[in-house]
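Participant: got a predicted structure here, sequence first:
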Amino acid sequence: MKRAFIIASVLAFALGTSAQRLSSPDGRLTMEFSVDASGRPTYSLSYSDKMVVAPSHLGYQLKPEDPSKMTDFEWKTPAAAQDAVAQRADLLTGFSILGTEVSSCDEVWTPVWGEESSIRNHYNELLVHLGQAKNDRCMDIRFRLFDDGLGFRYEFPDQKNLTYFTIKEEVSEFTMTGDHTAWWIAGDYDTQEYEWQTTRLSQIDEQMPKAIAPNSSQTPAGPASVQTSLQMKSDDGLYINLHEAACINYATMHLDYDESRRCFTSHLTPSASGDKGDLQTPTTSPWRTIIVSDKATDILASRMTLNLNEPSKITDTSWIHPTKYIGVWWEMITGKSTWCYTDAVASVKLGVTDYEKVEPNGRHGATTEHVKEYIDFAAEHGFSEVLVEGWNVGWEDWFGHQKDYVFDFVTPYPDFNLKYLNDYAHSKGVRLMMHHETSASIRNYERHLEQAYTLMNEYGYDAVKQGYVGDICPRGEHHYSQWLNNHYLYTIEEAAKHHIMVNAHEATRPTGICRTWPNWVGNESARGTEYESFGGNPVNHTTILPFTRLIGGPMDYTPGIFVMDLSKWVPGNTSKVRSTLARQLALYVTLYSPLQMAADIIEHYKEKMDAFQFIKDVPCDWDKSLYLEAEPGEYVVIARKAKGADEWYIGCSAAECGHTSTIHLDFLTPGKTYTATIYADAKGTAWDNNPEGYVITTQKVTSKSVLKKLVAGAGGGFAISIK
Ligand code: NOJ
Ligand code: CA
């Protein structure tokens, strides 16, 4: 690893309000910082000659302190105390620049897994030391300007007049310079399982009621509040993405849009008390990120979110591995089988009921026999793990009751032989993947965590899929609050001690923390394939995800559905998967994840082994990724080189208008001949017309070859393996 860190200029005191300028390494981006007449920190960002963020304020509203907790000095007279209360109520105005530090970094680091096997971290940095004389307090703002965007965060040094403090609101502004097109979902304290909206910024307000469809976990954040990662495009062709990195010990941020100022302002998720977070100095905020380019593909290629996170805290990472898995799952999501063992809901109470004595419903998915079929199939076709949901007692009455005690995560149903199945799986070179649905009962999960992970070690599980369905218990907390964000990370850190990889569903959206904790291999945090069984995802959904949800880290989207009309095999489920089969294959390439599920039931794969071959072949760890063509909401075409092998995989996912590609294979090793296998939509195939129609062709190719007229139908795609 090469590393160069140059302090270009050191502390310069008493700069007052003078403007500071920072350029990106390639000189294309410029950030300006100053404090205005009232002492408000202010920044702006330009890309070449275009303004990306017009002058915008930075700072905090703090919760006023309780005078009874003040020092004798402050309490000398009631007036002085009142004064102190008032003055302490904000970190917004009255600042002057005490000094600045400028530095640069150019290093290359090696992720444990990823879209590429080495990542360049290259930026210029400006650290601004601010003093608020009226309160004798200080606050720093650190700016990092990369070639692909700006990151900044607040830093609160250890100091007498700012020790413990409660945030009323973070006031970070992002003032836009036009009525951009935006791809957004409604701001919400509890879920990101929304459909993406495509509107002008000025239409966010009027579109909001339509953007919020009833769902039990929803707590909309406000009439013009949206979530990050927010993707925008200006009329003059700039792609601008707002998100955050390293959200640790802090609440998840939303953005409130004010049309009169064309300005987004940060809006943190409250805790049960309504406060936005409790901090103790010295500490820092997460990074606020603005990725910008005149090419949509550059947004997908950006590594800024990862670069703004700390290096791995796990030294021995040998036990962390990319994983392709199948599972007893889709059949429950579609309603064909059940997570629960019995329908005798009222009679079942965890810890009291003897499940041997209740009547099984005959539709339980996680039976020993059925899981064995999955293990056999995984072993035969090279899948390393088998997820089994509904293996543990408690599913009869698990949802929507705000119960503190539902699952214990260690007691199997009577028809699931824990020891036998794990031994059987291991004898075939396969592992079972654990499932912990917490039903959002956080204390209950924390109470059982150690024994649950210990049980996993005992039986040889090395990965767990977590779930946080429902309203958070304790009541009033939200999925995205500081306390919950700390909880998720706690489960990751404890898992690392047990050498367990974690994939969390319904947890807060990721912010690149997987660099620091590479055992955090997956998150859901958006609508995944499950919604294809609840009415269907919008056709453009998977062409927006790479620009939004995936900016923070990989998604366990669970692609690979081969039968699109669910009524063909699930009585009563009229949902249709809004995708062609070829696009389902392409998603393994276009939606990056080190954890990839082949989500359909094995019978459907057995019927189409030729198409299934692509899922068997496609890796989930890469040396290199090339973002060939992309436009949010329309199409995404990506080529990736398998890690450690001279094999390439290409995927195209297209929305309603379909897409036609011409791909130059000049990235192949010159002088070598490869076999390209193309899995394409059959002629006329679209998500709503013969969606399972596909054609497989093979041809010899070299680095001089050009694949012409690769056609993806509406909601379609193509997938190519080049070996
Ligand atoms: C929602 C998750 O997203 C899904 O994958 C899981 O099967 C259910 N919760 C049950 O835990
Ligand atoms: Ca979910």
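Facilitator: Sure thing, it's come through. Computed from a prediction, not measured in an experiment: that's the story for all the values here. Ligands and ions are numbered 1, 2, ... in the order given.

Participant: can you map out the helices along the stretch 151-300 of the chain?
Facilitator: Residue ranges of the helices in the stretch 151-300 of the chain, as given by DSSP state H, counting those that start in this stretch, are 204-211, 296-301.

Participant: now do the helix or strand that the last one is followed by: which elements does it pack against?
Facilitator: It stands for helix 296-301. Going down the chain from helix 296-301, the next helix or strand is helix 304-307, by DSSP states H and E. Counting contacts by 3 or more Cβ pairs under 8 Å, 6 or more residues apart in numbering; DSSP states H and E, helix 304-307 is packed against strand 119-132, strand 239-245, strand 287-293. Placement of C-beta: from N, CA and C, glycine included.

Participant: for helix 304-307, buried residues please.
Facilitator: Of the residues in helix 304-307, 304-307 count as buried by neighbour count, 16 or more other Cβ atoms under 10 Å.

Participant: what helices and strands are in contact with whichever helix or strand comes after that helix?
Facilitator: Counting by DSSP H and E, the next helix or strand C-terminal to helix 304-307 is strand 323-328. Using 3+ Cβ pairs under 8 Å, 6+ apart as the contact criterion, the elements in contact with strand 323-328 are helix 368-381, strand 385-388, strand 431-437, strand 595-597.

Participant: cutoff 7 Å now
Facilitator: Packed against strand 323-328, as judged by 3 or more Cβ pairs under 7 Å, 6 or more residues apart in numbering; DSSP states H and E, are the following elements: helix 368-381, strand 385-388, strand 595-597.

Participant: quick one: the second one near ligand 1?
Facilitator: In other words, strand 385-388. No. In this structure, strand 385-388 remains apart from ligand 1 according to Cβ under 6 Å from any ligand atom; the gap is never smaller than 8.9 Å.

Participant: report the separation between residue 445 and ligand 1.
Facilitator: Computed with Cβ to the nearest ligand atom, to the nearest Å, the distance linking residue 445 and ligand 1 is 13 Å.

Participant: average model confidence for the longest helix anywhere in the chain?
Facilitator: Ordering each helix of the chain by length in residues (DSSP state H) puts helix 442-459 first. Model confidence over helix 442-459 averages 97 on the pLDDT scale.

Participant: could you point out which element follows it?
Facilitator: strand 463-467.

Participant: say whether ligand 2 is contacted by that next one.
Facilitator: No. Interface with ligand 2: strand 463-467 contributes nothing (Cβ under 5 Å from the ion), its closest point being 7.2 Å away.

Participant: does that strand pack against any helices or strands, and if so which?
Facilitator: Contact here means 3+ Cβ pairs under 7 Å, 6+ apart; on that basis strand 463-467 packs against strand 431-437, strand 501-505.

Participant: which strands and helices sit next to the longest one?
Facilitator: Meaning strand 431-437. Based on contacts counted as 3+ Cβ pairs under 7 Å, 6+ apart, the elements that strand 431-437 packs against are strand 385-388, helix 418-427, strand 463-467.

Participant: what about the single nearest residue of the stretch 601-723 of the chain relative to ligand 1, how many neighbours?
Facilitator: Of all residues in the stretch 601-723 of the chain, residue 601 sits closest to ligand 1, with a separation of 14.1 Å (Cβ to the nearest ligand atom). Residues within reach of residue 601, counting by other Cβ atoms under 10 Å, total 25.

Participant: go on, the one 5 residues further on?
Facilitator: A total of 11 residues lie near residue 606 under the criterion other Cβ under 10 Å.

Participant: list phi and psi for whatever residue of the stretch 251-400 of the chain ends up closest to ligand 1.
Facilitator: Ranked by Cβ to the nearest ligand atom, the top residue of the stretch 251-400 of the chain for proximity to ligand 1 is residue 389, at 5.2 Å. Per-residue torsions, residue 389: phi -100, psi 150 (degrees, to the nearest 10).
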